[in-house]
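Asker: I would like to see how this sequence folds:
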Amino acid sequence: MATVALENVRKEYPGQVLAVADLSLQVADGEFVVLVGPSGCGKTTTLRMIAGLEEPTAGTILIGDRVVNRVHPKDRNIAMVFQDYALYPHMTVRKNLAFALKLRKVSKAEIERRVSDTANLLGIMALLDRKPRALSGGQRQRVAVGRAIVRNPQCYLFDEPLSNLDAKLRTQMRAELKALHLRLKTTTVYVTHDQEEAMTLGDRLVVMSDGLVHQVGSPLEVYQRPVNRFVAGFLGSPPMNFIEGRIERADGRLLFTDGSGIRLRLSRGLSEAADAFVDRPVVLGIRPEQLRLNRAGATGDPESAVTVEVSVTEPLGDRMDIYAVTSAGAKVIARVDATAECRPGAPASFRVDPVALHLFEPGETGGHLLHGRATVTA
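Answerer: Model prediction:
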């Protein structure tokens, strides 16, 4: 096992196409770090630079104590699992697992031991004599992971390995990968665009967009304390609601208002951060699960209520998602109990705890007023 470090790594393609901009990151020995972001954000390019499949334009990459910028991929002692599995179709599972070891001139006895141990670990002993075409998607995924494990590398690199699986199998494989990492404790860098996958797998998340790192932190930290509007909107399903408005002062208190009826009291901590934004435009953020449906005809405290018109209800078994719109035209999603009584076209009132509110500066990447400094190195 080993640490992985990127120091001011930059990747620029011909035509001044910037894929990764001055990325610095420390991955601890045995840590599971997930690079997450939309397509084209630079996460796969970063992974390929660690693997040696792309050469950085600038910066330094270290695996352990060794600078590997000019080290050939096969000499970096890393193992990579790809989106398409990259299994040799003419070889059996046994031969796929053993191939890299044969190239390294490992003895037959040691190869047999490692293949057997890996197959037992992944539950694929019964598949060793099959070829890839005779395997299901989940079985192929296990073989691809096994081919990485059998090498006993310093670091695992995963490039969206679950994206070709159906939803049920993807959930199952997530749990298996998490359990596998807890057993092996090998340094792992994992790339995905699926925020749910990132939240469930990673010890830490690196949230990226347009080649930039917006925030680095534990899944709970990034979810509860997003540094800007992009991070807040990207993580969470359904995503965070955003309502444009202003901060106003009334009777010595600070309120958020959208100018059409919504007036929400701010918590003490948020009020202190928002004091400099009085009479200035801001964007309110509310997680769907933080909107609690009031009983029919009840509005409760008007300074902690959001009134909307219901557009669509989406029953999901144990819960229901309500899609609605405010009188100012802002779209809102609320996640409530499945027994909630809401009808499309009817009004609904939701209460929200002031401590659950977020405030951002205007713009797609506007900073959070309370904790808006991104952690871009760690």
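
Asker: residue ranges for the strands of the stretch 51-200 of the chain, please.
Answerer: 58-63, 66-67, 78-81, 155-159, 187-192 (DSSP state E, counting those that start in this stretch).

Asker: which stretch among the ones you listed comes nearest residue 369?
Answerer: Nearest to residue 369 among the strands of the stretch 51-200 of the chain is strand 187-192; the distance by CB to CB comes to 29.5 Å. Placement of C-beta: from N, CA and C, glycine included.

Asker: partners of that closest one in the sheet?
Answerer: Using DSSP bridges, the strands paired with strand 187-192 are strand 32-36 (parallel), strand 155-159 (parallel).

Asker: residue boundaries of the helices in the stretch 51-200 of the chain?
Answerer: Listed in chain order, the helices found in the stretch 51-200 of the chain under DSSP state H, counting those that start in this stretch are 93-103, 108-122, 137-149, 167-184, 195-201.

Asker: Please tell me the pLDDT value assigned to the residue of the chain positioned farthest from its centre.
Answerer: Distance to the chain centre peaks in the chain at residue 251, reaching 41.6 Å (criterion: CA atoms, centre = their mean). At residue 251, the model reports a pLDDT of 85.

Asker: State the distance from it to residue 245.
Answerer: Separation of residue 251 from residue 245 (CB to CB, to the nearest Å) stands at 18 Å.

Asker: Equivalent analysis for residue 156, please.
Answerer: Note on residue 156: its distance to residue 245, by CB to CB, is 46 Å.

Asker: swap in residue 186?
Answerer: Remark: distance between residue 186 and residue 245 (CB to CB) = 48 Å.

Asker: Flag the shaky bits of the chain, pLDDT-wise.
Answerer: Where the chain drops to pLDDT under 70, the residues are 1, 296-300, 373-378.

Asker: Break it into its domains for me.
Answerer: As assigned by automatic domain parsing, the chain contains the domains 4-233, 238-360.

Asker: hey, which of those domains is tucked in deepest?
Answerer: Across these, the average number of neighbours (mean count of other CB atoms under 10 Å) peaks for domain 4-233, which reaches a mean of 18.

Asker: Would you mind measuring the gap between the ends of that one?
Answerer: Domain 4-233 has an end-to-end distance of 29 Å (CA to CA, to the nearest Å).

Asker: Phi and psi next, for residue 249.
Answerer: Main-chain dihedrals, residue 249, degrees, to the nearest 10: phi -100, psi 130.

Asker: Tell me how far the nearest residue in space to it that is not next to it in sequence lies from residue 129.
Answerer: Leaving aside its sequence neighbours, residue 249 sits nearest to residue 278 (CB to CB, 6 or more residues apart in numbering; 5.4 Å). Distance of residue 278 to residue 129, given as CB to CB: 72 Å.

Asker: could the domains of the chain go into a markdown table alongside distance to residue 367?
Answerer: Putting the domains of the chain into a markdown table (distance: least, CB to CB, whole Å) gives the following:
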| stretch | distance to residue 367 |
| --- | --- |
| domain 4-233 | 5 |
| domain 238-360 | 7 |
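
Asker: and of those domains, who's closest to residue 369?
Answerer: Short answer: domain 238-360, nearest of these by CB to CB, at 4.3 Å.

Asker: sorry, back to before: which of the strands paired with strand 187-192 sits closest to residue 77?
Answerer: strand 155-159 (7.6 Å).

Asker: ok, now which ones touch residue 180?
Answerer: Listed by CB atoms under 8 Å, 6 or more residues apart in numbering, the contact partners of residue 180 are 121, 122, 145, 149.

Asker: tell me the contacts of the third one?
Answerer: The one in question is residue 145. Shown in contact with residue 145 (CB under 8 Å, 6+ apart): 81, 122, 161, 177, 180.

Asker: Including distance to residue 171, could the residues you listed go into JSON lines?
Answerer: Shown next, in JSON lines, are those (distance: CB to CB, whole Å):
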{"residue": "81", "distance to residue 171": "18"}
{"residue": "122", "distance to residue 171": "17"}
{"residue": "161", "distance to residue 171": "14"}
{"residue": "177", "distance to residue 171": "11"}
{"residue": "180", "distance to residue 171": "15"}
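
Asker: Beta-bridge partners for residue 263, please?
Answerer: With DSSP bridges as the criterion, residue 263 is bridged to residue 257.

Asker: Tell me the spacing between it and residue 306.
Answerer: Using CB to CB, residue 263 is found at 10 Å from residue 306.

Asker: before we move on, what about residue 127?
Answerer: Relative to residue 306, and taking CB to CB, residue 127 is found at 54 Å.

Asker: Then residue 294?
Answerer: Using CB to CB, residue 294 is found at 10 Å from residue 306.

Asker: same question, residue 357
Answerer: On the measure of CB to CB, residue 357 and residue 306 end up 11 Å apart.

Asker: swap in residue 41?
Answerer: Distance, residue 41 to residue 306, using CB to CB: 32 Å.

Asker: what does residue 194 give?
Answerer: Distance from residue 194 to residue 306, counting by CB to CB: 29 Å.

Asker: Out of the contacts of residue 145, give me the two with the largest separation.
Answerer: 122 and 161 (13.3 Å).

Asker: Now residue 197: closest residue in space, sequence neighbours ignored.
Answerer: residue 174 (6.1 Å).

Asker: Thought residue 200 was touching the one you found, still the case?
Answerer: Yes: Residue 174 lies in contact with residue 200 (CB atoms under 8 Å); the separation is 5.6 Å.

Asker: still on that earlier bit, make JSON lines out of the strands of the stretch 51-200 of the chain and add distance to residue 4.
Answerer: Formatted as JSON lines, the strands of the stretch 51-200 of the chain follow (distance: least, CB to CB, whole Å):
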{"stretch": "strand 58-63", "distance to residue 4": "6"}
{"stretch": "strand 66-67", "distance to residue 4": "11"}
{"stretch": "strand 78-81", "distance to residue 4": "9"}
{"stretch": "strand 155-159", "distance to residue 4": "6"}
{"stretch": "strand 187-192", "distance to residue 4": "6"}
